[in-house]
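Student: 3D, please:
(2 chains)
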Amino acid sequence: MTKTADNINPHIYEKGSEREITSSERDEDLQDEFDDREIFDLIRNINDPEHPLTLEELRVVEEKNIIVNNDDSTVLVNFTPTIPHCSMATLIGLSIRVQLLRALPSRFKVTVQVSEGSHASEHAVNKQLADKERVAAALENNNLLQIINQCIAV
Amino acid sequence: MNSIWFKPELAEEIINNNEIFDQTQNVVTDIITQHIDLITLVENMEGILTNKEPESREKGMRFFTKILTELPRDYLTVSQVKFISKFYIDRLKDNHRVIPAVLQGFSAIIEMKNYDMETSGEFFSLLFREVNCQSQTRQDRYNIYFIVKKLMEKDIKYMKSLGPDFVYGFIASMDGERDPSNLIFLFNFLPEFIREIPLGHLVEEMFEVISCYYPIDFHPAPDDPAPVTRQDLATALSPCLCAIPEFAEHCLVLLVEKLDSSLRLAKLDSLRLLTDSCKIFKPESYTPFLKTLWSSIQREISHKADEELKFAAHEALSALVSILSRTANTDQAFENFVKGILISMQTAVAEATTVAQFVHATKVLLTAANGSKESCAIITKSMIPAILAYYDFKTSPKLQIASLDFLGDLYDLAKHWDVLEQTAVQVNELPQLCLTVVSQPIKDFQVAGFRTLIRVMNVLQTDLVVPFVEVLMYNVQHSQDDELLKVSIETIHAIAKKYPEIIMQLLVTGRCDIENLTQDKTALIKRLNLLSNLASIDEFTKVIIEEMLKVVSAHDEEAPKVIEALSESMSDISLFTEKKITEIDSDHGLVDSVVEWILREINNSVDVSNGFVLIANTIASLPADKQRNLLAKHTDNILDKCKYNDKYYLILESLYISVHQTVYESSFDDIMKLSLKLALNSELDSVRTKACILVAHFLNKAEFGQKFELFYELLKNYLTNCSKDDEELCPKLILLYGWITKALILRGSDTFLFWLQKIVNTLSNTQYSKQGSEAIKLIMSDSPNYLSSRQHCRTSLLYRQRMFQNFAKLTHKLPPLEGAANESYLLSWAYVFEKTPKSVLNNETTKITSIAIDSLNYENNDLLLVMIDVLCYFVQAKNAVISGSLQTILPRLVKLSRYVKSMDVRIKSLECLYEIANSYRTSTLLPHKQDILFDLAPSLDDKKRLVRNMAVKARTRWFMIGAPGEDKPN
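Tutor: Below you'll find the predicted structure:
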């Protein structure tokens, strides 16, 4: 990739701390429900395609932009590109989708969207990410899959 | 006497017969035994040494050289050596074919005892004139360098007198050397050469010749068995480049240029060279380059990912600051340099939005401050006010805490360089900041504030003590958080050391109300903890201990709490030294009071267990004679009482458990017998265990020789008299065997094998195999409460390895086991594996892996956890046995990933699956990929979050296998 990054000097934020293990999580008999934080932990360490930084450090994903509903088995992730004309937005969205596809039980219906008003071509990106056929087709492209795998490899 | 070398035909023979070279040893023998004179030998060789054919002359020289190298070094006389040297020097003019033999011969000659240094000059002038070093073979070049080095070692004075022609000749001969091992040889002795031999006008030439190698770019040939690495060459070259101060200008120009290179290695070498050069060059040499140097260092130091480069940059900066500080009083350059650093880093600090950025900037400042006393003073003076302002200005808690840590570090440096007085105005502000920090009732702030206060305690002024004590006392009485409580007590302790009177007045007699200790029941335990901690400070010991013991002797209902607090604080050896404890016991009769208290309360429903710990710990700290006194005082009384009630034995045990190895009384035999009896027969669990422990301690500590034999006999006799058929006795016996084995193996006695064998035998018995494995667990585990050096026991470092080997040997003979017995057998192995250092397991991989794989079929948490852990270890080491049995292991691990009874087992087996994906070749794993991905899906919906986390880790890793973008070779 000879192309220079869209946002050369992004603002870097502090990494949050690891989730603390509570005593109820150590209790064999209690059921731990999926919560926003757990979904956040799944995607916070995805690398940005342009920088050696995680989505968390760039505040592309934030815990408050994730909504989990256990009873309906739905997950909604809103992500915020660092700049409104970021050409990587689709790729970032795809990486989040793929990671959740692999890491969440199949009962969950996952929706990944650009946060409202944070991107120039918001609707196009959302449409692409919601289209199952197009996501599947993208994953058959080896070059693309390679970039995604490199982004989500921890 | 008819060997060929006695005749003139020798010349012919050397030309025609190559095998004659094998006989040089015989020639040498003949020379030494004086059967033949060296001159006669040379005469016999005349035909060949003066032959017209260079080929033959070469052979002749080679033959003669071989003889020279094999002759003893002190055999030849002065005139002989001189004659031969002349001859060899003369031969330098000969055909190029002859030169290698000449060089080799000459390097043998200079090693001789009677070698005359005077001939060296002639040798070198002829050598440099007639022989072009770089057109010789590798070995011959080496010989030339070797001769120079050897002669320098022999007579440096003479070599110095040789003058510029010699230096020039030497520079010319090494110019262009490209063999790595020759270069290493050269680099290793060049610094000495350059330092010792005056270079005169040739400084620049010399530097040019060396610097052309810099920075080293070299990759050893892959088939080289003992390669010279790039790093070796680079490390050796650096001292050559900065060998003498005269090199400074050339070297720094070069260095500055290479620092700007885009090659990482060039930068790394330059930074290291800069560090090295600071030991040699004069401070003034750096002045013209300071600006560029700092900008280069700053660039490398702010590198995000490359730790090695960053470290080298820090080293270089520290060295540079340290050398420049020598001119601090005469030259403005140093101050300007440090101020430059300060300005750039203050900007960086001000712009920092994350802790990482902040720490990075402050680290540079700390490195600069660490470089010299002067820089430390400048930086401390300007940074403390800056950070104080920064603290108020930035609102991020993490950054505020990081700035506190930085101030603490800076204070430590100021203390180290002894500039506290110069910087008193600034440094004295620190406690005030700490007070501001701890006044916020947030745990992280308070912990950081108190930690920093402890570091800067020396500058705490009296007026701040009261406000601090207010906050601290509030914490001590109300805080629910263990960490905060601990830090608060530590802080009070530190303040009390500095201001004992104030604390005594405020706390001990004031807030804690020592005289009416138990009146106020609220937060009593916390107050007691604080007081017993303060008792370790000399000023407080008397008051506090006296009051506490008063409570104990009054049999107040709060006495158990007092004892607990005392026992907890006094077991902290860093707080209460042995000397302190001895003093407390002799002044206040601590042990006596506690024993008396226990005797009174033991039959009431009062918890006296802390009393036993306190007695044992106190006795452990006393010297041998005090121990004897205490034992003599109490033993008879308690022994009597033991006859009626086993409980009293517990006091006895706590008195005897920690005695020194030298303490031995006649009563020991009786106590041993009593212990054995109770170990097997007492109704009380606690008494049985304690009795076993005491037996083990006696066995472990008994003096080598007669005393040990006596104890050992006593034990054996007692046990043989036990009834063999009593089924109730068996489990207790097996446990006792475990204790005995542990005591013996720890003292390094071979007798442990006998007892271990007994335990191993029980493993094949379905009825008792469980106890057998318990005994093995006991042997492998350790605890600070028994058989440790704190109780003056003998300990052996490698006993677990020994246990592992012997257990393997003994179990080898066991018959095949089934069912419960096999489970216990595997469990015993689990206990052994768990504690044996993993590196020891590497010797027996095949056996261990098969045991571990077998174990995966049993539903036993302890067993599974250890065995999967062992498997993980071998997987990480890419063990081949496991990769061969993946077909067996993978389904078993998958099954365990849904193991209902324990989440730890589920997590561990998922972890193992992750490690497998991480370690083995793609080709091995790919056939299993789809199955595993399918099998792991249910774990993603496990009811425990921790299991799900590990399942995600494992499954996403398996997705990567063979996929584009996987970061793994093959």
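
Student: In which helix or strand does the spatially most central residue of chain A reside?
Tutor: In chain A, the residue lying closest to the centroid (CA atoms, centre = their mean) is A:I96, at 3.1 Å. Using DSSP states H and E, A:I96 maps to helix A:89-103.

Student: What's the first helix or strand after that helix?
Tutor: Next helix or strand after helix A:89-103 toward the C-terminus (DSSP H and E): strand A:109-114.

Student: Quick check: buried residues in that following strand?
Tutor: For strand A:109-114, burial by neighbour count (16 or more other CB atoms under 10 Å in any protein chain shown) applies to A:110-114. Heads up, the C-betas are built off the backbone N, CA and C, glycines and all.

Student: Report all helices and strands that the helix or strand hosting B:T845 contacts.
Tutor: Taking DSSP H and E as the definition, B:T845 sits inside helix B:845-855. In terms of contacts (3 or more CB pairs under 8 Å, 6 or more residues apart in numbering or on different chains; DSSP states H and E), helix B:845-855 is packed against helix B:819-835, helix B:861-876, helix B:880-884, helix B:886-896.

Student: returning to what we had before: so does the helix holding A:I96 get close to chain B?
Tutor: Yes - Helix A:89-103 reaches chain B (CB under 8 Å from any CB of the partner chain) through A:99, A:102-103.

Student: Make TSV from the residues you listed and add neighbour count to it.
Tutor: Shown next, in TSV, are the residues of helix A:89-103 next to chain B (neighbours: other CB atoms under 10 Å in any protein chain shown):
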residue	neighbour count
A:Q99	23
A:R102	20
A:A103	22
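
Student: Of those, which is the nearest to A:S121?
Tutor: Set against A:S121, the nearest of the residues of helix A:89-103 next to chain B by CB to CB is A:Q99 (22.9 Å).

Student: need the contact list for the nearest residue to that closest one once chain neighbours are set aside.
Tutor: Nearest residue to A:Q99 in three dimensions, chain neighbours excluded: A:I152, at 4.7 Å (CB to CB, 6 or more residues apart in numbering or on different chains). With contact set as CB atoms under 8 Å, 6 or more residues apart in numbering or on different chains, A:I152 has these partners: A:46-47, A:95, A:98-99, B:956.

Student: picking that back up, from the buried residues of strand A:109-114, pick the one nearest chain B.
Tutor: Nearest to chain B among the buried residues of strand A:109-114, counting by CB to the nearest CB, is A:V110 at 12.8 Å.

Student: Tell me which residue of chain A lies closest to chain B.
Tutor: A:N149 (3.2 Å).

Student: mind checking how far that residue is from B:D592?
Tutor: 73 Å (CB to CB, to the nearest Å).

Student: Of those two, which one has the most company?
Tutor: A:N149 (19 against 15; other CB atoms under 10 Å in any protein chain shown).

Student: Burial check on the residue nearest to B:S571 when sequence neighbours are not counted, number of neighbours?
Tutor: Leaving aside its sequence neighbours, B:S571 sits nearest to B:N617 (CB to CB, 6+ apart; 5.1 Å). Burial of B:N617 is recorded as 24 neighbouring residues (other CB under 10 Å).

Student: Please verify my assumption that B:N617 contacts B:S658.
Tutor: Yes - the pair B:N617 and B:S658 passes the contact test of CB atoms under 8 Å, sitting 7.4 Å apart.

Student: thinking again about what came up before, show residues contacting the helix holding B:T845.
Tutor: Against helix B:845-855 from outside (CB under 8 Å, 6+ apart): B:808, B:826, B:829-830, B:833, B:841, B:863-864, B:867-868, B:870-871, B:874, B:879, B:881-882, B:885, B:888-889, B:892.

Student: Buried ones among those?
Tutor: B:826, B:829-830, B:833, B:841, B:863-864, B:867-868, B:870-871, B:874, B:879, B:882, B:889, B:892.

Student: Run a quick neighbour tally on the residue in the stretch 751-900 of chain B positioned nearest to chain A.
Tutor: Nearest to chain A, among the residues of the stretch 751-900 of chain B, is B:V900, at 9.1 Å (CB to the nearest CB). B:V900 has 9 neighbours, counted by other CB under 10 Å.

Student: how much space between B:E284 and B:A248?
Tutor: When B:E284 is compared with B:A248 (using CB to CB), they lie 9 Å apart.

Student: A:D41 now?
Tutor: With CB to CB as the criterion, A:D41 and B:A248 are 56 Å apart.

Student: Give me the nearest residue to B:G819, chain neighbours excluded.
Tutor: Nearest to B:G819 is B:T766, by CB to CB, 6+ apart, at 7.0 Å.

Student: what sits against that neighbour?
Tutor: Per CB under 8 Å, 6+ apart, neighbours of B:T766: B:819-821.

Student: Taking chain B, what residue is nearest to chain A?
Tutor: Taking CB to the nearest CB, chain B has B:G965 as its residue nearest chain A, at 3.2 Å.

Student: Tabulate the buried residues of strand A:109-114 (JSON lines), appending pLDDT and distance to B:P198.
Tutor: Shown next, in JSON lines, are these (pLDDT from 0 to 100; distance: CB to CB, whole Å):
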{"residue": "A:V110", "pLDDT": "91", "distance to B:P198": "79"}
{"residue": "A:T111", "pLDDT": "92", "distance to B:P198": "82"}
{"residue": "A:V112", "pLDDT": "92", "distance to B:P198": "76"}
{"residue": "A:Q113", "pLDDT": "92", "distance to B:P198": "79"}
{"residue": "A:V114", "pLDDT": "92", "distance to B:P198": "75"}
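
Student: from those residues, which two are the most distant?
Tutor: A:V110 and A:V114 (14.8 Å).

Student: still on that earlier bit, contacting residues for the residue nearest to B:S571?
Tutor: B:567, B:570-571, B:658.

Student: Which stretches in chain A count as strands?
Tutor: Under the criterion DSSP state E, strands of chain A are mapped to A:66-69, A:74-79, A:109-114.

Student: can you put the ones you listed in a markdown table and add distance to B:L933?
Tutor: Output for these, formatted as a markdown table (distance: least, CB to CB, whole Å):
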| stretch | distance to B:L933 |
| --- | --- |
| strand A:66-69 | 24 |
| strand A:74-79 | 20 |
| strand A:109-114 | 18 |
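
Student: Could you point out which of those strands sits nearest A:Q31?
Tutor: Of all the strands of chain A, strand A:66-69 sits nearest to A:Q31, with 14.7 Å by CB to CB.

Student: Just the buried residues of the closest one, please?
Tutor: A:66, A:68.

Student: what pLDDT, on average, does stretch B:709-717 get?
Tutor: Taken as a whole, stretch B:709-717 carries a mean pLDDT of 86.

Student: tell me which residues in that stretch are buried?
Tutor: Here stretch B:709-717 shows B:711-712, B:714-715 as buried, counting by 16+ other CB under 10 Å.

Student: now do stretch B:627-644
Tutor: Within stretch B:627-644, the residues that qualify as buried are B:627-628, B:630-631, B:634-635, B:638-639, B:641-642, counting by 16+ other CB under 10 Å.

Student: Tell me the residues of chain B that contact chain A?
Tutor: For chain B, the contact set with chain A under CB under 8 Å from any CB comprises B:304-305, B:353-355, B:357, B:396, B:398, B:902-903, B:937, B:940-941, B:943-946, B:948-949, B:952-953, B:955-956, B:959-960, B:963-967.

Student: are any of these buried, and which?
Tutor: Taking 16+ other CB under 10 Å as the criterion, what is buried in these is B:354-355, B:357, B:902-903, B:940, B:944-946, B:948-949, B:952-953, B:955-956, B:959-960, B:963, B:965-966.

Student: for chain A, what helix or strand is lowest in average pLDDT?
Tutor: Of all helical and strand segments in chain A, the minimum by mean pLDDT, DSSP states H and E falls on helix A:23-26, at a mean of 84.

Student: Buried ones in it, by neighbour count?
Tutor: A:E25.
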